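> sharing a sequence plus its predicted fold:
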Amino acid sequence: MHRTNELHRAAAFTSTLSSSLPARPRAPCGARLARRLLPLAVAAALPLAAAEPPANVGTVLVTAPRLAEMPLNASADGADGLRPLRSATSDTASLLRNIPGVSLYGAGGVSSLPAIRGLADDRLRIKVDGVDAIASCPNHMNPALSYIDPTSVDGLKVYAGITPVSVGGDSIGGTIIATTPPPAFAEPGTGSIARGEAGAFYRSNGGARGANLSAAYLTESLGLSYAGATAEAGNYRAGGDFKTRSATGRPGHALPLDEVGSTAYRTRNHTLAIAHRGGNHLVEAKFGLQDMPYQLYPNQRMDLLDNSQSRVNLRYLGSFAWGSLEARAYHEKVEHFMDFGDDKRYWYGSASGGASAVDGAPCSPPGAACAAGMPMYTESRTTGLTVKADLGLGEGELARVGGEYQGYRLDDWWPPSGGGMWPNTFWNVRDGVRDRAAIFAEWEARASERWLALAGVRYERVETDTGPVQAYNSAVPPATTLVPAFNSRARARADGNVDATLLARYTPDAGLDVELGLARKVRSPSLYERYTWDSRGMEMLMVNWFGDGNGYLGDPDLEPEKAHTASVTLDWHAPDRSWELKATPWYTRVTDYVDAVRCPTSLGGACTSANLGATQSFVFLQFANQAARLHGLDLSGRMALGKNAWGDWGVAAVASLTRGRNLDTGDNLYNIMPANATLTLTHKLEGWTSALELALVGAKDDVSAVRNEVRTAGYGLLNLRVSHAWRTVRLDLGVENILDRRYDLPLGGAYLGQGTTMTASPVGSVPRWGTAVPGMGRSVQAGITVKF
């Protein structure tokens, strides 16, 4: 009877928590499913949690392999490895740059979009302290990793391709996990302590500067901590002239020919954490706040001019004789605003000189002939709950079960500002809903002294819906037909997605590990992929998170992407790991891959016959399900070269090759990183550490024809980092791009950093199709950190 009552209480508690999520009378999507699935997971775990642990139990040791925590195809970097890189960047995603298979889509100065083996953005699951964040912007200007400053990152882990179901879900490319420092407490018998750290940095290119502060008050059972950071920069300079025009579209404001417009940013992040430890139980609460006054974008037609985020993240972790239990609940609110930044034309309409004017003249009042910018607002709410239990089944065997729920609400609207954006508010997505509920089970075992195995299965239910839309002027084509057609159709969609993973590791001797992996991964389309609806050119150009300058249109009938991946990892190493070489060939086949096609003429607007055949211009596209294939090879290795009077010497290398093709059209997939390698010579002497790095990138010739993707040339960069650590002070110095090489970013997209960006092909102005975003020229950096 006691157990039965406990099960009822667990189910009632979870149902109550689910029902408190943001409500929407018209679409009770995922809340129903959460009430069905999560009580089962919670009810199964809580009776075990209620059992009293045996006396004198400290940290429970389960003699299982924990293969899910670190497969051979995964990579991890802790605070020690990340610390030398922090002064070189304000973009947390760039800390991943030396991980095999990882590349970065260019974006704003703090918001690069990671790609794993050619799959990026929404195709990855990215978690920050256990929280799944969703980019709430039609240009994805606020991705998950933009909410954590590099100085706050304690660890990064990347699961490439083959991802255990306990850390995957709603993704096909892999998982990235970023963590801040774990809760800390005073040692027994030491009473209370207070400690902190302060730091500052400066980078010469763009005048980037910033500061960070962390402080903690600790007792044996209570930990209070704060971490804050601020960073800002102006536009950076390329290694040489890359454009022929200096106009920005603003009278009296021009940019030098080597200055990369719209690369300035300013951001502030704060985190307050409270943790309590009692016996084998830990309760933690984190409160996060971001204030980003601006982040300009060189490959987007709009700029981020305000982004505020607040987050509450609650966690419980308990250790028991049978294993461990972890539960998490979080809520996030995002308010986002876009318009034209200082380097882009602000005034439009015939009263400002028309679309062909190089500079838009100020005009008034806003109306049919005068447009004052193009304000765009986005608001979102995300609420999540996860429960996970690790169960020791005996010697060398472990089971892991859990459940998850995420409720996401999105509104995306653009107030009237004049000209073609008049007289009504444009609704891009209204009352958007994306609810996701999941359960999973995973088993790990040591089959013998030489074999480890992992198997897992995951089921997810993803439900999406949106409300009616409205055009700036519903009496003007194509809105006359598109608005009633969209509003009258059934828009709710429900997907039942099944993931499965198999991993096996064989260790024939002390110098070799071999890991085989198979996985099926499924991702449901995002709200922007399914529900953006207007085929007029200007509106389509504002929906783009690829940085290619093209316009995009959604499709409510998109099916989930289903990826099947196979990989083999060979890990040769010395018994003491003084040298190691790892190679991973991999293959992925995706059905219903969400690619793009030229939008059909039946949709009207910018979907013209000329658009269908354009080859050297920005174009207009619609998302479509097609088949795709990706394959490649990741290599990494390191070796100690020796030790002499000058110190300890070593070498490390990372290389990747990725190919991607659309099997329906024969076209190349968009933004696939060309062959690349990084060679690093390392040195240590007493408190000094240094690294001389040579980064090599091949030419990008395999480009997407349907998107008119721009080719880029190959290049090589030389970078230097030097650090010295004393007991309480650390100094970091470095030079990026020592030779001031002029090069284009292969994944940087099209240059849209200045000029008349609202129209696809402006006359006599910037941007012009065919110009890629250049990389940064030489930059000298310095950073200092002081502990107290």
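Happy to help now that I have it. Not measured: the values here are computed from a predicted model.

> any idea what Ala231 is bridged to?
The bridge-partner assignment for Ala231, based on DSSP bridges, gives Gly210, Thr267.

> got a list of what it touches?
Ser90, Val110, Asp149, Ala208, Arg209, Gly210, Tyr265, Arg266, Thr267 (Cβ atoms under 8 Å, 6 or more residues apart in numbering). Every C-beta, even on glycine, is put in place using the N, C-alpha and C of the backbone.

> go again with 10 Å.
When the contact criterion is Cβ atoms under 10 Å, 6 or more residues apart in numbering, the partners of Ala231 are 89-91, 109-110, 149-151, 201, 203, 208-212, 265-269.

> what sits against the nearest residue to Ala68 once chain neighbours are set aside?
Using Cβ to Cβ, 6 or more residues apart in numbering and skipping the chain neighbours, the partner closest in space to Ala68 is Pro164 (3.9 Å). Contacts of Pro164 were listed using Cβ under 10 Å, 6+ apart, and they are 67-69, 71, 74, 175, 400, 440, 442, 444, 454-456, 458, 499, 501, 503, 517, 519.

> let's go with 6 Å and repeat that
Pro164 makes contact with Ala68, Gly456, Thr501, according to Cβ atoms under 6 Å, 6 or more residues apart in numbering.

> filter the contacts of Ala231 to the buried ones?
89-91, 109-110, 149-151, 201, 203, 208, 210, 212, 265-269 (16 or more other Cβ atoms under 10 Å).

> centre of the chain to whichever strand or helix holds Leu213, how far?
Of the helices and strands defined by DSSP states H and E, Leu213 is found in strand 208-218. In terms of Cα atoms, centre = their mean, to the nearest Å, the centre of strand 208-218 is found 24 Å from the chain centre.

> so which elements touch it?
In terms of contact count using 3 or more Cβ pairs under 6 Å, 6 or more residues apart in numbering; DSSP states H and E, strand 208-218 is assigned the packing partners strand 193-203, strand 222-233.

> mind redoing it with 10 Å?
Applying 3 or more Cβ pairs under 10 Å, 6 or more residues apart in numbering; DSSP states H and E, one finds that strand 208-218 makes contact with strand 193-203, strand 222-233, strand 265-278, strand 779-787.

> buried stuff in the second one?
Neighbour counts over strand 222-233 (16+ other Cβ under 10 Å) mark Leu222, Gly223, Ser225, Ala227, Gly228, Ala229, Thr230, Ala231, Glu232, Ala233 as buried.

> the second one and Leu272 touch, don't they?
No: in this structure, Gly223 sits apart from Leu272 without contact. The criterion is Cβ atoms under 10 Å, and the distance is 11.6 Å.

> run through the stretch 201-350 of the chain and note the low-pLDDT ranges.
Using pLDDT under 70 as the threshold, the predicted model of the stretch 201-350 of the chain has no low-confidence range.

> rounded mean pLDDT for the strand ranked longest in the chain, please.
Selection of the longest strand in the chain by residue count, based on DSSP state E, yields strand 620-644. Averaged across strand 620-644, the pLDDT comes to 97.

> again with stretch 571-587
The predicted model assigns stretch 571-587 a mean pLDDT of 96.

> got the CA positions of that stretch in CSV?
What follows is stretch 571-587, C-alpha atoms only, in CSV (Å, rounded to 0.1, in the frame of the first residue of the first chain):
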residue,chain,number,x,y,z
ASP,A,571,42.4,4.6,-31.2
TRP,A,572,46.1,3.7,-31.3
HIS,A,573,48.1,4.9,-28.3
ALA,A,574,51.0,4.2,-26.0
PRO,A,575,50.0,2.4,-22.7
ASP,A,576,50.8,5.6,-20.8
ARG,A,577,49.1,7.8,-23.5
SER,A,578,52.3,9.7,-24.2
TRP,A,579,51.3,9.5,-27.9
GLU,A,580,48.0,8.7,-29.5
LEU,A,581,46.4,8.7,-32.9
LYS,A,582,42.6,8.4,-33.5
ALA,A,583,40.8,7.9,-36.8
THR,A,584,37.1,7.9,-37.4
PRO,A,585,35.6,7.1,-40.8
TRP,A,586,31.8,7.7,-40.8
TYR,A,587,28.8,7.6,-43.1
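
> distance to Phe320 for the buried residues of strand 222-233 - can I get that in TSV?
Listed next are those as TSV, based on distance: Cβ to Cβ, whole Å:
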residue	distance to Phe320
Leu222	22
Gly223	22
Ser225	27
Ala227	31
Gly228	36
Ala229	37
Thr230	42
Ala231	42
Glu232	47
Ala233	49
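
> distance from stretch 347-365 to the middle of the chain?
Taking Cα atoms, centre = their mean, one finds the center of stretch 347-365 at 37 Å from the center of the full chain.

> for the stretch 601-750 of the chain, which spans come out with low pLDDT?
Along the stretch 601-750 of the chain, segments meeting pLDDT under 70 are nowhere present.

> surely Tyr531 meets Asp555?
Yes: judged on Cβ under 10 Å, Tyr531 makes contact with Asp555 at a distance of 9.0 Å.

> name the residues contacting each of these two.
Common contact partners of Tyr531 and Asp555 (Cβ under 10 Å, 6+ apart): Pro525.

> so in terms of bridging, what pairs with the residue nearest to Tyr743 when sequence neighbours are not counted?
Taking Cβ to Cβ, 6+ apart as the measure, Tyr743 lies nearest to Tyr715, with 3.9 Å between them; neighbours along the chain are not counted. Following DSSP bridges, Tyr715 is listed with bridge partners Val697.

> circling back to that earlier point, and Tyr531 and Asp555? Which one has more around it.
Comparing Tyr531 with Asp555 by other Cβ atoms under 10 Å, the one with more neighbours is Tyr531, at 27 against 19.

> between the contacts of Pro164, which sits nearest Val780?
Within those, distances to Val780 taken as Cβ to Cβ reach their minimum at Ala68, with 42.5 Å.

> dump the residue contacts of that closest one.
Under the criterion of Cβ under 10 Å, 6+ apart, the contact partners of Ala68 comprise 74, 159, 163-167, 390, 398, 400, 442-444, 454, 456, 501, 503.

> could you do Arg86 as well?
The contact partners of Arg86, by Cβ under 10 Å, 6+ apart, come to 79, 92, 95, 149-153, 199, 201, 212, 229, 732, 781, 783, 785.

> if we go to 7 Å?
For Arg86, the set of contacting residues under the criterion of Cβ atoms under 7 Å, 6 or more residues apart in numbering consists of Pro150, Thr151, Gly783.

> check the first one and give its pLDDT.
If I follow you right, that is Pro150. pLDDT, Pro150: 97.

> doesn't Thr92 make contact with it?
Yes: with contact defined as Cβ atoms under 7 Å, Pro150 reaches Thr92; the gap is 5.1 Å.

> ranges for the strands of the stretch 651-788 of the chain?
Counting by DSSP state E, counting those that start in this stretch, the stretch 651-788 of the chain forms strands over residues 676-685, 688-697, 715-725, 729-736, 779-787, given from the N-terminal end onward.

> can you give me the buried ones in the longest one?
Same thing as strand 715-725. Using 16+ other Cβ under 10 Å as the burial criterion, the residues of strand 715-725 that qualify are Tyr715, Leu717, Asn719, Arg721, Val722, Ser723.
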